[in-house]
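Chemist: Give me a 3D structure for the following:
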Amino acid sequence: MSEARMRHYGVFYGLDPLPDNDGRPLVLLHGNCQAESLRVLLGAPDSPVRTVRIPPAHELVHSDLPHLHRLIGSSDIIVSQPIRPAYRGLPLGTAEVIAMARPGCRLVMVPVIRYAALHPYQVIIRSAEAGEPPIVPYHDLRTLAEADGAGAVPPPPAAAVRAVRDISIRELRQRQQRHATIDVVDLLQEAGLDACHVINHPGNPVLRGVARKIFKKMNFHQAVPDPGRILLDSVHAPVAREVITALGLEGEETTGWRVHGQSVSDETIRTAHLDWYRRHPQVVRQGLQRHAETARLLLG
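Modeler: A predicted model of the protein is given here:
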């Protein structure tokens, strides 16, 4: 465990004290990078709650468990994304976490947000064997198809773009219902081009809306101020004019990526991914099978 990491999560590791118990409830947010962004918003100045920065669930290791248990036992409200039991071989599932909480601790469930409307070709493929592709951890169905021997892909039909949006919303609603989370679909639909930067990084308007809904679940009617910076700002994918038109949105297309503040062309990523697929052909097969419905719509 690096000293820099321990300092970054100083309260979590016991290097710094918990926020003063001034009568405000202590809220623990458990999940991925979306959860940390929500924590930033919920913990803004003048907030009715106290929060603590903790590592995302996918970074927690066995030696972190005593620190997590200590914070769970001190929390009044746990805000969690749905996490399966024995996640990564550790007791990090939502049900396992709430079982460790003290009596009276409340649970607020929020969904893992994935929204493909603005980036219909973009998919996520998990491969323990191959890991992630270079530059960005996102796959493009057109590049996967090319790696599988397909020819050039024409611009997407407007009906197909809208169908992918509808599939994305359908799947999100199913996850919300299955895990009894708050409903965020309206926030994505209202945000337009600010809905997300990539399929799993919602934009600030969506995140602020989710934070407002969390406060409402906690019985607080609290405004959520602008954080003064773009949250989840590490990767921004281009949005094509055909997509903007098909969805009836207003705004300008973007033609390149921004990755950790640097401009990267779509062609650079395509070339790097094709080279990576030659070394990991199983990912191509897995991706096209996993996302067959969307591929049929967009690729024919």
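
Chemist: Nearest the geometric middle of this protein, what residue?
Modeler: residue 200 (3.9 Å; C-alpha atoms, centre = their mean).

Chemist: so who does it touch?
Modeler: 34, 112-114, 124 (C-beta atoms under 8 Å, 6 or more residues apart in numbering). Glycine gets a C-beta too; all of them are placed from N, C-alpha and C.

Chemist: Strands of the stretch 201-300 of the chain, start to end?
Modeler: 201-202, 235-236, 256-259, 262-265 (DSSP state E, counting those that start in this stretch).

Chemist: what does stretch 72-82 rub up against?
Modeler: Against stretch 72-82 from outside (C-beta under 8 Å, 6+ apart): 18, 25-32, 34-35, 38, 42, 49, 57, 94, 97-98, 100-102, 104-112, 175, 178-179, 181, 214, 218.

Chemist: Any idea how far apart the tips of that stretch sit?
Modeler: 16 Å (C-alpha to C-alpha, to the nearest Å).

Chemist: Just the mean pLDDT for that stretch, thanks.
Modeler: Taken as a whole, stretch 72-82 has an average pLDDT of 97.

Chemist: Then stretch 32-44?
Modeler: 96.

Chemist: In it, which residues are buried?
Modeler: In terms of neighbour count (16 or more other C-beta atoms under 10 Å), stretch 32-44 has its buried residues at 32, 34-44.

Chemist: Same question for stretch 43-62.
Modeler: Those buried within stretch 43-62 under the rule 16+ other C-beta under 10 Å are 43-44, 47, 49-52, 54-55, 57, 60.

Chemist: Report the residue ranges of every domain in the chain.
Modeler: By the assignment in automatic domain parsing, the chain contains the domains 3-109, 113-300.

Chemist: Show me how far the longest one is from its chain's centre.
Modeler: Averaging C-alpha coordinates over domain 113-300 and over its chain gives two centres that are 10 Å apart (C-alpha atoms, centre = their mean, to the nearest Å).

Chemist: quick one: low-confidence ranges for the chain?
Modeler: 1 (pLDDT under 70).

Chemist: Helices along the stretch 101-250 of the chain, start to end?
Modeler: 141-147, 158-179, 185-191, 204-217, 241-247 (DSSP state H, counting those that start in this stretch).

Chemist: Redo those as TSV? Include mean neighbour count and distance to residue 298.
Modeler: What follows is the helices of the stretch 101-250 of the chain, written out as TSV (neighbours: other C-beta atoms under 10 Å; distance: least, C-beta to C-beta, whole Å):
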stretch	mean neighbour count	distance to residue 298
helix 141-147	22	6
helix 158-179	16	5
helix 185-191	17	20
helix 204-217	21	24
helix 241-247	18	11
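
Chemist: Could you export these as JSON lines, including distance to residue 77?
Modeler: Below are those laid out as JSON lines (distance: least, C-beta to C-beta, whole Å):
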{"stretch": "helix 141-147", "distance to residue 77": "40"}
{"stretch": "helix 158-179", "distance to residue 77": "17"}
{"stretch": "helix 185-191", "distance to residue 77": "21"}
{"stretch": "helix 204-217", "distance to residue 77": "9"}
{"stretch": "helix 241-247", "distance to residue 77": "36"}
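
Chemist: for these, which one sits closest to residue 293?
Modeler: helix 158-179 (6.6 Å; C-beta to C-beta).
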